[in-house]
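> this is the structure alone, sequence omitted:
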Ligand SMILES: [Zn+2]
């Protein structure tokens, strides 16, 4: 009996190893392991054998069955994998077709993207971000910021006033800069403070280089012992974060009513070497000067502190710096946008290039 | 302001090239807008000539053939077209090789057969005035061949500095000279008013005139001198050339003197014909209601009581500080001149020139606030010139109402304060040198310097910080170190939670494919009608601009929707096939706001989608058009990202489709809306497709967003999920079905969502079938079918009783 088992196994192994398809394999499974096959029959008949033969025959038949089952299973898995591979190979598409549905991603407006970029730089330097009203009073927009009564910005030719908007310092207007928030913040928060104020501002100007609305970011840091050198270091960090790690800074003395000393700040041009581009031509971005004017700033004027002295600001012991930069200007310089009007036309072909 | 370098050099020995000088001035606080050349490009080949003879051209009636001595061995033959050329004249000659102002180079020419070796110049040919008809005749006594530039300023480089408003003293060339001196170290010469021919007369007023100043606040100082036997006539060529270089036209010797002195000193002057001052009496006073005055430019000006004027017995005769009157104007007949130099209140002058729309060289200087002492300086300089150029004599006395300004203040400049403000020291000796160069006087003190402010800086330099700015700007900021301040605020900085959430909301829309626009805050007042707003609609309380640039920009937008429609219309008109836009910005309503602000401003987030909900693709050729549910989904995304619980309710807004308007409600009230734009409103923007739109008060949304959530266990015990199809009468809202299911299954219904809507024959007339996913879950156990079964019964009953709903299938 045992010899017969070995014989069946040997024959079955030979046939399984040469089976060419999963159908042929299935036939072999039926032939050797099916209900009517010899080996299962043999196993069923073990019980009828003499007691001393049962163990050995049963064991060898059982082992043979398990071996064949394993062989068939392995061969079946192999056929399955081969057939799947063949089927997948037939099921192909042109992978270079565009995605569908076209999940176009949207875009932040370049002004928003630039605003966020600048906000993030100052957040990293420990500044908070605050916003303020766009319809302001003459008090906050001019008086408290040390603008003389004849300051040209007060003129109706320069600023938008609101109808029925009160008189004198309570008269209302569209803020001409983000600086009024300097006063509002200092009224609410004792020193030390470090914050920036992004927002929309308005001036009565409309030509190639001016739009009646534009966007600024004001910065204000007040503490004891803050210096002009600290302002320079802060703005240098800003300039390098926005325009590249190799930038240098230049301070030019200037005049603003609410800072003393006041400086205009130039950043070294990032597309040329001292005004000259490759090939020896004059750089068109910086007009050959090697410097880009980016913002105005200065040390907070003592009279501004005097306007908020009851809120804990002492012109003798507190010092601070303030700066104001134009978001449009930074965006134009950084991304080479040639004309302000692009920002407010909202042409999708423009919008989709940025953000 | 124009500063010819040639003229500047009279007061300071300029050593730098014009470009280098501009750069140095820019780095010390005076930006130079441009540098340009006035007159011919070079002085070479312009010489003095003597006309030896002038004869009629044989073949041309209007030309003369002149023999001109140009200081050379032989006289030159020059053909000249000027009718007044005559033998014996001293003239200006351009020799061949001279480069004229327009860049052309003069050559030897032949005119109607006669060779001409040069050109006898008329004034306009070298940039002095517009006189072309006559040869420019020079004073005799200059040798032939003398370079013309020795006689007058033939040409000059001209700087155009942008003087900052605090520097009234730089409204004159001498003030600029002082800056150049301080900034470059070039030696400064004595001021041209250092010697006053009328110095001896200062104590008394001249006889025959009187001046009354009603309001000394408006006129801190009024000075006058009187000149007799004046001959009004042409100015000498050097004076004309100077004024031309500064961009001014020559008028007459007397008027030119006032302009010349103003350009040097920065202090405007005014010359009256004394015989035209009725009664010889002047009164400085406020104008009376209805008074009028004809100014020098011939315009009749209506005055108001805030305007300050100078009147004589017959009424107004000059507009104080802005422009003289034509009645007392100096003319060819004038022989007696009253020369007024006054100081006016800057703010008042500014107001007057703005009110009258009349800005003059005088008003732009006075409005910066001039020093009273400067008035007599200008008188001194003008007196010298009046005596020299008009043949006039000075009548004894100087009228002076108001006198000098307050005594000079002394400010302590502490070395330590320089370091603490700038972050770097400046040597005391250096500070002293700088301040003295700028005209301050300086005494040593224990801890620094005691600095006396000169009168011309009285209003500008009043505090230690102002002095520090002076020394810092001249010393230069190039070497200042760059340091970072300590942040001792005790706060970490960064965006507030609300600001982060606003960004998150914007990012959600960007992620859903919308492009952000930035619209105008300005709007046209017709916007309310275009939005079909009722007459008493709250959005009609607009913020109105008193002085708009145009009526189309005369109010502030009450909603963000019009900005989005503008942008969509713009893009659709330019070939865009669809538009998915949003804006995050301020909208405005008339105030005051609850917080006491002048206007009600809020931060709005609005979006619109026109066209397919997504771009069609090859596997998705016809995506559905965006409708109200598209807007709804966007609102869900935004408010879901912010973690805000909200509900939808039916709404009514004039600018939305009446059947497709939904309001967004939270525990805090209405937060916004979504829906489809009313076709009539869309038509007003020439858009004829459905427009899905939404608007959220994102400022308020961010403020009411819940704090960051704590953990809930939603994973340990999986929910039991059931789908429910219920047929309800049409008109029963999905929200009410969901609410009914949630309430009846409370507290174990963890989710109930409509995923399909069907209305058809099988459902029956007037009824609609809604399919819902319903999850039952508890946080502490897995629910069994036995536990859920009664709830399910309760839900079915509630749907039946409350909504006349029946289960389907
Ligand atoms: Zn460059």
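Perfect, thanks for sending it. Predicted, not measured: the structure shown is a model, and the values here were computed from it.
> excluding chain neighbours, give the residue nearest to the residue in the stretch 501-650 of chain B that chain A sits nearest to in space.
Chain A sits closest to residue B:617 of the stretch 501-650 of chain B, with a gap of 2.8 Å, by Cβ to the nearest Cβ. Heads up, the C-betas are built off the backbone N, CA and C, glycines and all. The shortest distance from residue B:617 to any non-neighbouring residue, by Cβ to Cβ, 6 or more residues apart in numbering or on different chains, is to residue A:100 (2.8 Å).
> residues in contact with residue A:343?
A:109-111, A:211, A:328, A:331, A:337, B:518 (Cβ atoms under 8 Å, 6 or more residues apart in numbering or on different chains).
> go with 7 Å
A:110-111, A:328, B:518 (Cβ atoms under 7 Å, 6 or more residues apart in numbering or on different chains).
> looking at these, which are in helices?
Mapping the contacts of residue A:343 onto helices (DSSP state H) picks out A:110-111, A:328.
> ok, so of those, who is nearest the ion?
residue A:328 (19.2 Å; Cβ to the ion).
> which ones are touching that closest one?
A:111, A:214-215, A:340, A:343.
> circling back to that earlier point, any idea how far the residue nearest to residue B:617 is from residue B:184?
Residue A:100 sits 70 Å away from residue B:184, going by Cβ to Cβ, to the nearest Å.
> for chain A, which segments count as strands?
Taking DSSP state E as the test, the strands found in chain A are A:128-129, A:135-137, A:172-174, A:193-202, A:213-224, A:249-256, A:259-268, A:291-300, A:318-326.
> need those in CSV with mean pLDDT and mean neighbour count, can you?
Shown next, in CSV, are the strands of chain A (pLDDT from 0 to 100; neighbours: other Cβ atoms under 10 Å in any protein chain shown):
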stretch, mean pLDDT, mean neighbour count
strand A:128-129, 96, 20
strand A:135-137, 95, 25
strand A:172-174, 96, 26
strand A:193-202, 97, 22
strand A:213-224, 96, 22
strand A:249-256, 95, 22
strand A:259-268, 95, 24
strand A:291-300, 95, 22
strand A:318-326, 96, 23
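> of these, which is nearest residue B:277?
Across these, residue B:277 has its closest neighbour in strand A:249-256 (39.8 Å, Cβ to Cβ).
> and the closest one, anywhere near chain B?
Yes. Using Cβ under 7 Å from any Cβ of the partner chain, strand A:249-256 reaches chain B at A:249, A:251-255.
> now, which of the residues you listed sits nearest residue A:268?
Taking Cβ to Cβ as the measure, residue A:268 lies nearest residue A:249 of these, at 7.6 Å.
> these two touch, right, the closest one and residue A:235?
Yes. Counting by Cβ atoms under 7 Å, residue A:235 is a contact partner of residue A:249 at 6.0 Å.
> can you map out the helices along chain A?
Using DSSP H, helices in chain A cover A:2-18, A:22-33, A:38-45, A:51-90, A:110-124, A:138-141, A:180-188, A:228-243, A:302-307, A:327-335, A:341-345, A:348-351.
> just the element for the residue in chain B positioned nearest to the ion, please.
Of all residues in chain B, residue B:23 sits closest to the ion, at 16.2 Å by Cβ to the ion. Secondary structure assignment for residue B:23, by DSSP states H and E: helix B:18-27.
> now for that helix, which elements pack on it?
strand B:31-38, strand B:156-162, helix B:173-184 (3 or more Cβ pairs under 7 Å, 6 or more residues apart in numbering or on different chains; DSSP states H and E).
> run a quick neighbour tally on residue B:358.
Residue B:358 has 16 neighbouring residues, counting by other Cβ atoms under 10 Å in any protein chain shown.
> find the nearest non-adjacent residue to it, please.
residue B:322 (5.9 Å).
> list the contacts of the one you found.
Counting by Cβ under 7 Å, 6+ apart, residue B:322 has contacts B:349, B:352-353, B:358, B:360, B:362-363.
> one more time with 10 Å, if that's ok
B:268, B:295, B:301, B:307-309, B:344, B:349-350, B:352-353, B:356, B:358-360, B:362-364, B:366-367 (Cβ atoms under 10 Å, 6 or more residues apart in numbering or on different chains).
> repeat that for residue B:53.
Counting by Cβ under 10 Å, 6+ apart, residue B:53 makes contact with B:64-68, B:75, B:77, B:86-88.
> adding neighbour count, write these out as CSV.
Formatted as CSV, the contacts of residue B:53 follow (neighbours: other Cβ atoms under 10 Å in any protein chain shown):
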residue, neighbour count
B:64, 22
B:65, 20
B:66, 29
B:67, 16
B:68, 25
B:75, 19
B:77, 15
B:86, 15
B:87, 12
B:88, 11
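> what's around the residue of the stretch 101-250 of chain B at minimum distance from chain A, how many residues?
When scored by Cβ to the nearest Cβ, the stretch 101-250 of chain B has residue B:164 as its residue closest to chain A, at 3.5 Å. Residue B:164 has 17 neighbouring residues, counting by other Cβ under 10 Å.
> find the nearest non-adjacent residue to it, please.
Spatial nearest neighbour of residue B:164, excluding adjacent residues (Cβ to Cβ, 6+ apart): residue A:255 at 3.5 Å.
> that older thread, show me the contacts of residue B:322 that map onto strands.
In strands, defined here by DSSP E, the members of those are B:301, B:308-309.
> which one of those is nearest residue B:594?
Using Cβ to Cβ, the ones in strands among the contacts of residue B:322 come closest to residue B:594 at residue B:308, 44.0 Å.
> who's that closest one bridged to?
residue B:286 (DSSP bridges).
> contact residues of chain A facing the ion?
Proximity of chain A to the ion (Cβ under 5 Å from the ion) is limited to residues A:269, A:272, A:283, A:285-286.
> ok so, going back, in the helix holding residue B:23, which residues are buried?
B:18, B:21-22, B:24-27 (16 or more other Cβ atoms under 10 Å in any protein chain shown).
> in CSV, list those along with distance to residue B:531 and pLDDT.
Formatted as CSV, the buried residues of helix B:18-27 follow (distance: Cβ to Cβ, whole Å; pLDDT from 0 to 100):
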residue, distance to residue B:531, pLDDT
B:18, 59, 95
B:21, 59, 97
B:22, 54, 96
B:24, 58, 95
B:25, 54, 96
B:26, 51, 94
B:27, 54, 94
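> got the phi and psi for residue B:660?
Dihedral angles of residue B:660 (phi, psi; degrees, to the nearest 10) stand at phi -140, psi 60.
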